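Asker: Turn this into a model:
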Amino acid sequence: MNAPVNRILSIIPQARDGVDGPWADSVRLDHDLRNRRRMVYTTQGGRGILLDMPRAVHLRDGDGLALDSGELVRVEAAPEPLIEITAPDMPLLLRLAWHLGNRHLPTQLLGDRMRIRHDHVIAEMIEGLGGRCEHVLAPFDPEGGAYEGVGHGRHHHDGGDHHRHEHAHG
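Answerer: The predicted structure follows:
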């Protein structure tokens, strides 16, 4: 017999334990799993929770998921294999950013460095242009696209069937 699935009623940006409520559980998700409209997630404690929003949402590390049970579940960004890109100077880093943007690659901007998903072809291109690449395991939270809006309410269309249930295990 399956355990009941709690429904996510709302998302509390950057929720804090003790301010927004005590954490009942957490869910650890990679970047793709944090960008959904409808999904059944499995918490670290093994419980099912249902995300069912009118539009796709972007969950960030530290967000709180308010459940219909009154509990609060913390979102944790799972580490992923990434490439951290640096350059000897800012003009070259900007040039590298342009090349990544020209290829429509999701890119996380971190001031003096950038992160992209692991891709050996892109790493070779970056190094050929004078940049440096380091393989890291870290949470990935790239910039949203120019037409996605700003802030926590950004959303995207993944082209998938929004009436199916997908399952993620944290």
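
Asker: Nearest the geometric middle of the protein, what residue?
Answerer: His31 (3.0 Å; CA atoms, centre = their mean).

Asker: Give the bridge partners for the closest residue to Glu134 other than its chain neighbours, please.
Answerer: Nearest residue to Glu134, sequence neighbours excluded (CB to CB, 6 or more residues apart in numbering): Glu84, at 4.7 Å. To be clear about C-beta, it is placed using only N, CA and C from the backbone, and glycine gets the same treatment. On the basis of DSSP bridges, Glu84 is bridged to Arg115, Glu134.

Asker: Let me see the contact set for Glu84.
Answerer: By CB atoms under 8 Å, 6 or more residues apart in numbering, the contact set of Glu84 is 113-115, 133-136, 138.

Asker: Low-confidence bits of the chain, can you list those?
Answerer: Counting by pLDDT under 70, the chain contains low-confidence ranges at 1-2, 17-21, 145-170.

Asker: Select the longest strand from it.
Answerer: Using DSSP state E to define each element, the chain has its longest strand at strand 48-58.

Asker: following it, which helix or strand comes up?
Answerer: strand 64-67 (DSSP states H and E).

Asker: Which neighbouring elements make contact with that following strand?
Answerer: Applying 3 or more CB pairs under 8 Å, 6 or more residues apart in numbering; DSSP states H and E, we find strand 64-67 packed against strand 6-12, strand 23-29, strand 48-58, strand 72-77.

Asker: Output those as TSV; include the columns distance to Leu109 and mean neighbour count.
Answerer: Formatted as TSV, the helices and strands packed on strand 64-67 follow (distance: least, CB to CB, whole Å; neighbours: other CB atoms under 10 Å):
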stretch	distance to Leu109	mean neighbour count
strand 6-12	23	16
strand 23-29	21	19
strand 48-58	16	16
strand 72-77	16	21
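
Asker: Alright, I will stop here.
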